[in-house]
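1. Here is a sequence together with a model predicted from it:
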Amino acid sequence: MLLAASLFVSCGDKVSSKERQQSSVEVEDNQSNYALDVYNFEGFESFLSRKDDKTYVINFWATWCAPCIKELPYFEIVNKKYSGNNVEVILVSLDFPKQYEKKLIPFIEKKKLESKVIALDDPKMNDWIPKIDEDWSGAIPATIIYNKDKSQFYERSFNLEELENELKQFITL
Amino acid sequence: MKTVKVLSSLLLVFVIGALSISADKLAVDGYDIGDIATDFKLKNIDGKMVSLADYKNAKGYIVIFTCNTCPYAVAYEDRIIALDKKYKEKGYPVIAIMPNNPKSKPGDAYEAMQKRAKVKGFTFPYLMDEGQKIYPQYGAKKTPHVYILEKTKKGNEVKYIGAIDDNYQDADAVEVRYAEDAVDALLEGKEVPETKTRAIGCSIKI
């Protein structure tokens, strides 16, 4: 379902836009030297199409999204509990760029998030949202679980049991 | 015996097919382009009840599901006011509906809506979807979520569903004004250039 077509788009201007694909925001105060990787959609796309042996759980969230914050601990648990089953959780923040330093990075540090956190900053949403899933309205939280064999998109919230049940369809315990 | 087997496997195929169709339907519940949208009678921040039918001279409506508490909705407040100012006189007023359950989101309570509308100087009705009965019929999934309706003989026909424009971050960097383009096309009797668009938003709180 995911991106089979979009993998091939935009090869043309890849070089010129390479610099824009990823950037990094660093917070330097007395306690923090956290470096947040920030991607535009072109840079982020590779996270959705890896063909290795891992199962990826990609969760779209933001610090201002209450149901996202509520389910975040379940993604953290899953990341830890199933790491031996080749599962990797990636938390994709859709926070506003001006909030990265003020809200997002302090939140990541305060909650001691262990899953990989990246930020997706690409205002051309109508272009990239359908590439993630044709049926996604754009509401968050939203999650993709995929491995090299299959992929499933969810526009919904999870509790731990629901998340584990979905994940178990992708892994052999 | 063999026929029975073939028949039952055919039946199975049919049932699975039917199931997956209903799953697809589920994903697109609510209105699609061309559907007739329901009218409503919802309480405005001034205490009066508002229906689409109250607007006798309207040619259509820009119905926007929005709220106080979603940063994306807040980012669009000034642009929603601008839409109303530009199109109300042309026959397409903005009708804003707050779809969240204020018990889950106290910042979207009726009094908070009144306060926000006053601070921002909303020029349009800001209605409480009391009991959350209207947004599911439209199929709104998030705030902000725009439905542009055209008044026709059949009723209020859905002509556009989606985002206001293509840049939530920066009003000055907008390249395509989806909602304006849709209303302009309707006013000129033309087809809406892009009938459905997507944007990130906050899920509606139940």
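-> Perfect, I can see it now. Remember, predicted model here, so these are calculated numbers, not experimental data.
2. ok, what's across the strand from the spatially most central residue of chain A?
-> The residue lying closest to the centre of chain A (CA atoms, centre = their mean) is residue A:92, at 2.9 Å. Counting by DSSP bridges, residue A:92 is bridged to residue A:60, residue A:118.
3. Residue B:94 now?
-> So, taking DSSP bridges as the rule, residue B:94 has residue B:62 as bridge partners.
4. Let me know the average pLDDT across the lengthiest helix in chain A.
-> Taking DSSP state H as the criterion, chain A has its longest helix at helix A:66-81. Mean pLDDT, helix A:66-81: 97.
5. Up against chain A, what does chain B have?
-> B:27-28, B:70-71, B:75, B:105, B:141-142, B:145, B:162-163, B:166-170, B:173, B:178, B:197-205 (CB under 8 Å from any CB of the partner chain). For the C-beta atoms, the positions are set from N, CA and C on the backbone; glycine is no exception.
6. Could you tell me which ranges of chain B sit under the pLDDT cut-off?
-> B:1-28 (pLDDT under 70).
7. okay, now the domains of it?
-> As recorded under automatic domain parsing, the domains making up chain B are B:1-30, B:31-203.
8. most tightly surrounded among the ones you listed?
-> The highest mean neighbour count among the domains of chain B, using mean count of other CB atoms under 10 Å in any protein chain shown, belongs to domain B:31-203: a mean of 19.
9. First-to-last residue distance for that one?
-> Length of domain B:31-203, first residue to last, CA to CA, to the nearest Å: 17 Å.
10. and if you look at stretch A:97-113?
-> Stretch A:97-113 end-to-end distance (CA to CA) = 19 Å.
11. does chain B sit close to it?
-> Yes. Counting by CB under 8 Å from any CB, contacts between stretch A:97-113 and chain B involve residue A:97.
12. now the residue nearest to the centre of chain A: how far from chain B?
-> In this view, residue A:92 and chain B are 11 Å apart by CB to the nearest CB, to the nearest Å.
13. on contacts alone, who are the packing partners of the longest helix of chain A?
-> On a contact count with 3 or more CB pairs under 8 Å, 6 or more residues apart in numbering or on different chains; DSSP states H and E, helix A:66-81 meets strand A:55-61, strand A:87-93, helix A:160-168.
14. My read is that residue B:69 contacts residue B:202, right?
-> Yes. At 7.5 Å, residue B:69 counts as touching residue B:202 under the criterion of CB atoms under 8 Å.
15. Burial check on residue A:130, number of neighbours?
-> The number of residues packed near residue A:130 is 16, by other CB atoms under 10 Å in any protein chain shown.
16. tell me which element it is part of?
-> Secondary structure from DSSP states H and E places residue A:130 in helix A:125-132.
17. Only C-alpha atoms, please: export that helix in CSV.
-> Output in CSV follows, covering the C-alpha atoms of helix A:125-132 (Å, rounded to 0.1, in the frame of the first residue of the first chain):
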residue,chain,number,x,y,z
MET,A,125,0.9,18.3,3.4
ASN,A,126,-1.5,17.7,0.6
ASP,A,127,1.4,16.3,-1.4
TRP,A,128,2.8,14.0,1.2
ILE,A,129,-0.1,12.9,3.3
PRO,A,130,-1.6,10.7,0.5
LYS,A,131,1.8,9.2,-0.1
ILE,A,132,1.8,7.9,3.4
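18. Tell me what angle that helix forms with strand A:55-61.
-> 150 degrees (axes from the mean of the first three to the mean of the last three CA atoms, to 10 degrees).
19. Show me what helix A:125-132 is packed against.
-> By 3+ CB pairs under 8 Å, 6+ apart, helix A:125-132 packs against helix A:41-44.
20. The helix it packs on vs chain B: in contact?
-> No. Helix A:41-44 lies apart from chain B when judged by CB under 8 Å from any CB; the minimum separation is 11.9 Å.
21. So what's the gap between that helix and the chain middle?
-> Centroid displacement of helix A:41-44 relative to its chain, using CA atoms, centre = their mean, to the nearest Å, is 11 Å.
22. Okay, buried residues for that helix please.
-> Under the neighbour-count criterion of 16 or more other CB atoms under 10 Å in any protein chain shown, helix A:41-44 has A:41-44 buried.
23. Quick check: which helices or strands does it pack against?
-> helix A:14-21, strand A:116-120, helix A:125-132.
24. related to what we said a few turns ago, which other residues reach the longest helix of chain A?
-> Under the criterion CB atoms under 8 Å, 6 or more residues apart in numbering or on different chains, residues A:57, A:59-63, A:87-89, A:91, A:111, A:113-115, A:140-141, A:157-160, A:163-164, A:167, B:105, B:203, B:205 lie in contact with helix A:66-81.
25. and chain A, which residues reach chain B?
-> A:62, A:64-67, A:94, A:96-97, A:123-126, A:129-130, A:135-141, A:155, A:157.
26. Now list the buried members of those residues.
-> A:62, A:64-67, A:94, A:96, A:123, A:125-126, A:129-130, A:136-141, A:155, A:157.
27. Hmm, residue A:63 is touching residue A:104, no?
-> Yes. Residue A:63 is in contact with residue A:104 according to CB under 8 Å; the separation is 5.7 Å.
28. so what sits against both of the two?
-> Shared contacts of residue A:63 and residue A:104, counting by CB under 8 Å, 6+ apart, come down to A:93, A:95.
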